[in-house]
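Colleague: sharing a sequence plus its predicted fold:
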Amino acid sequence: MTELGLLGLIVPKDLGGLGENHVCAAMVVETIARYGCPSTAMVYCMHVGAVSGLLLRYHNNELIKSVLRRLDKDKLVGTESFSDPATGGHFWYPLSSKNRYTKDGRFQMLKYASWTTSAGFADFYVVQTTSPGFGGDYSDLSVFLLFKDEVRAHADDWKSLGLHGNQSGVLITEGVLSKERQVGELGEGAAINDEVVDTWFLLLTASCWNGIAFGCIDVACRHATEKDHADTGLRVCDYPTIQDYFGECIIDTNACRAFVFNVAHGMDLATNNNDWTIHSDLKVMPRTDFLHWGWQIKFAAAKNVGHVSDVMLHACGGSGYKTELGIERLLRDAKAGWVMGPSNEVTRQWVGTTALMGMEQLDYW
């Protein structure tokens, strides 16, 4: 991936990146998930999300600029750590974190995360905690940059239904950080979430689910066109029921893909084609207006991939139950979509609540 410059895919060209936009990033993730490895695609989603957090506030931070310049050269993989064991899928509520000023003006931070992709393997971590001087308001959040030697992880304990390569383990961060580790302004964590962390996460994970859905279709298509029944002289694909299965799944998946790419294109239009220089003005937050659409594409793609993986297993019959065909691995990977926070139960309630009563009715805290 570094040979293709993909770790710096959305990094501006003047920092050594490819300077690509939201549509391109969505296409790359979908392609990796469909033709490569879904776990790798998810690790890449989190890497790009972490990079987006740094890019939002890199303008006056030389340490962040240095990291961004070295992504492909030094093969630096990043990830995000926003979860909390006490609040489950409500990752915006970091009850298990503490942050205070030291006497010399640095930050003493403790972060306990229940789910962190690439925990212990990633080279850098974009971490959300409560702000120093915390007074009980959990919307008062701040974001910090940490490195591999500053975290403790339990990646070896990662056992899951699917996405086995995701290594989404427990992460503990404890240490004293200098001001250059601060991403954005103190107390800006919630705004950073809405502008880049959540919007990029929702866009790219939806692309991952769409890639897995078409991966299931690809595997099942090969089986259905090659497997024949000697008693009838028909291939599996010759049966109308199987044709109906494929027709429905292709239509539904392409509808999700079109939805995702439409939202990505809207983000490109709103950000001057993903131009990070616009954020030198701290008040410019154009992606935040797409958060409502992000919830919808996440829900749609995650729901669809769960259905498609089931139907394609049915289309493959007993052969699909065998590990060697490959559909069972994709089916297990697909099931992560619904439960990954914000879960589909949460996102559909948010969409319904805000549609009926307005965005101002949504209070995470």
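Modeller: Thanks, I have the structure now. Residues are numbered from 1 along each chain as shown.

Colleague: can you give me the strands for the stretch 51-200 of the chain?
Modeller: Under the criterion DSSP state E, counting those that start in this stretch, the stretch 51-200 of the chain contains strands at 78-81, 97-101, 107-116, 124-130, 141-147, 151-153, 169-177, 182-183.

Colleague: mind listing the strands the fifth one pairs with, and their directions?
Modeller: Partner strands for strand 141-147, per DSSP bridges, with pairing direction: strand 124-130 (antiparallel), strand 182-183 (antiparallel).

Colleague: now the angle from it to strand 169-177?
Modeller: Counting by axes from the mean of the first three to the mean of the last three CA atoms, to 10 degrees, strand 141-147 lies at 90 degrees to strand 169-177.

Colleague: please identify the buried residues of strand 141-147?
Modeller: Leu141, Ser142, Val143, Phe144, Leu145, Leu146 (16 or more other CB atoms under 10 Å). No exception for glycine: its C-beta is placed from N, CA and C like everyone else's.

Colleague: give the rounded mean pLDDT of that strand.
Modeller: Regarding strand 141-147, the rounded mean pLDDT is 97.

Colleague: what of stretch 340-357?
Modeller: 95.

Colleague: likewise stretch 92-104?
Modeller: On average, stretch 92-104 scores 91.

Colleague: before we move on, back to that, between the strands of the stretch 51-200 of the chain, which one is nearest to Arg70?
Modeller: strand 124-130 (10.0 Å; CB to CB).

Colleague: sorry, back to before: okay, the strands of the stretch 51-200 of the chain in CSV with distance to Asn262 next?
Modeller: As requested, those are exported to CSV (distance: least, CB to CB, whole Å):
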stretch, distance to Asn262
strand 78-81, 25
strand 97-101, 36
strand 107-116, 29
strand 124-130, 27
strand 141-147, 29
strand 151-153, 37
strand 169-177, 35
strand 182-183, 30
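
Colleague: which of the ones you listed is buried the deepest?
Modeller: Each of those was assessed for mean neighbour count using mean count of other CB atoms under 10 Å. The highest is strand 78-81, with a mean of 28.

Colleague: isn't Val126 right up against Leu54?
Modeller: Yes: using CB atoms under 8 Å, Val126 is in contact with Leu54, at 6.6 Å.

Colleague: quick one: the helices in this structure, in order.
Modeller: Along the chain, counting by DSSP state H, helices occupy 22-35, 38-56, 62-69, 189-192, 198-226, 240-270, 291-316, 327-334, 336-339, 344-357.

Colleague: could the ones you listed be laid out in JSON lines, adding distance to Trp276 and mean neighbour count?
Modeller: Listed next are the helices of the chain as JSON lines, based on distance: least, CB to CB, whole Å; neighbours: other CB atoms under 10 Å:
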{"stretch": "helix 22-35", "distance to Trp276": "12", "mean neighbour count": "22"}
{"stretch": "helix 38-56", "distance to Trp276": "5", "mean neighbour count": "26"}
{"stretch": "helix 62-69", "distance to Trp276": "10", "mean neighbour count": "17"}
{"stretch": "helix 189-192", "distance to Trp276": "14", "mean neighbour count": "22"}
{"stretch": "helix 198-226", "distance to Trp276": "12", "mean neighbour count": "25"}
{"stretch": "helix 240-270", "distance to Trp276": "13", "mean neighbour count": "17"}
{"stretch": "helix 291-316", "distance to Trp276": "19", "mean neighbour count": "23"}
{"stretch": "helix 327-334", "distance to Trp276": "32", "mean neighbour count": "23"}
{"stretch": "helix 336-339", "distance to Trp276": "29", "mean neighbour count": "20"}
{"stretch": "helix 344-357", "distance to Trp276": "27", "mean neighbour count": "14"}
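
Colleague: I'd like those as TSV, with distance to Pro85 appended.
Modeller: Shown next, in TSV, are the helices of the chain (distance: least, CB to CB, whole Å):
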stretch	distance to Pro85
helix 22-35	28
helix 38-56	18
helix 62-69	28
helix 189-192	19
helix 198-226	19
helix 240-270	31
helix 291-316	23
helix 327-334	24
helix 336-339	16
helix 344-357	17
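
Colleague: relative to Asp14, which of the ones you listed is closest?
Modeller: helix 62-69 (9.6 Å).

Colleague: quick one, what contacts Met312?
Modeller: Met312 sits next to Cys216, Ile217, Val219, Ala220, Tyr245, Cys249, Gly320, Ile327, Leu331 when contact means CB atoms under 8 Å, 6 or more residues apart in numbering.

Colleague: and Glu30, which of the strands of the stretch 51-200 of the chain is closest to it?
Modeller: Closest of the strands of the stretch 51-200 of the chain to Glu30 is strand 78-81, at 19.9 Å (criterion: CB to CB).

Colleague: okay, and the common contacts of Val126 and Leu54?
Modeller: Gly78, Leu145, Val183.
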